[in-house]
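pasting the structure only:
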């Protein structure tokens, strides 16, 4: 039996150093998945430039929290998918996801550090509507 912490390290190694499909096989074999497991897979799909798989992974999460929404929003913002980031942000706002200052700092920083101040402004305006 692999302990959860060790399982995450093994999955993280596969995801970072490739092929990411090995991490996905380990992930698919898990009987229980934590937020850390979901976040790791989404983040690594983004790291490998696979936004389609990242979104597909996000879409099958049974219960999403602010950490998982942030993983997807950051991925979109950091990879130049401003329109998709705004659409996902609107989804998140409609789902009444509870956020905190850390979440907002990450989203705004992600948008502004990747040269899209319009996206940053759009998300902040939408948040206060």
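Arrived safely, thanks for sending. These numbers come from a predicted model, not from an experiment.

Sketch out the low-pLDDT regions of the protein for me.
Residues of the chain meeting the criterion pLDDT under 70: 1-17, 106-107, 109-129.

Now do the strands in it.
Applying DSSP state E to the chain gives no strands.

hey, where'd the helices end up in it?
For the chain, the helices defined by DSSP state H cover 4-17, 20-28, 35-47, 51-59, 66-78, 82-94, 101-113, 117-127.

can you state the direction angle for the second one and helix 51-59?
Between helix 20-28 and helix 51-59, the angle formed by their directions is 10 degrees, by axes from the mean of the first three to the mean of the last three C-alpha atoms, to 10 degrees.

mind listing what's buried in helix 20-28?
20, 23-24, 26-27 (16 or more other C-beta atoms under 10 Å). C-beta here means a position set from N, CA and C on the backbone, and glycine is covered the same way.

mind putting these in JSON lines, distance to residue 36 included?
Formatted as JSON lines, the buried residues of helix 20-28 follow (distance: C-beta to C-beta, whole Å):
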{"residue": "20", "distance to residue 36": "17"}
{"residue": "23", "distance to residue 36": "13"}
{"residue": "24", "distance to residue 36": "15"}
{"residue": "26", "distance to residue 36": "13"}
{"residue": "27", "distance to residue 36": "11"}
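
Roughly how far does residue 85 sit from residue 36?
Distance, residue 85 to residue 36, using C-beta to C-beta, to the nearest Å: 23 Å.

Over to residue 72?
Per C-beta to C-beta, residue 72 is found 15 Å from residue 36.

and what of residue 18?
20 Å.

Looking at the two, which is more packed in?
residue 36 (15 against 12; other C-beta atoms under 10 Å).
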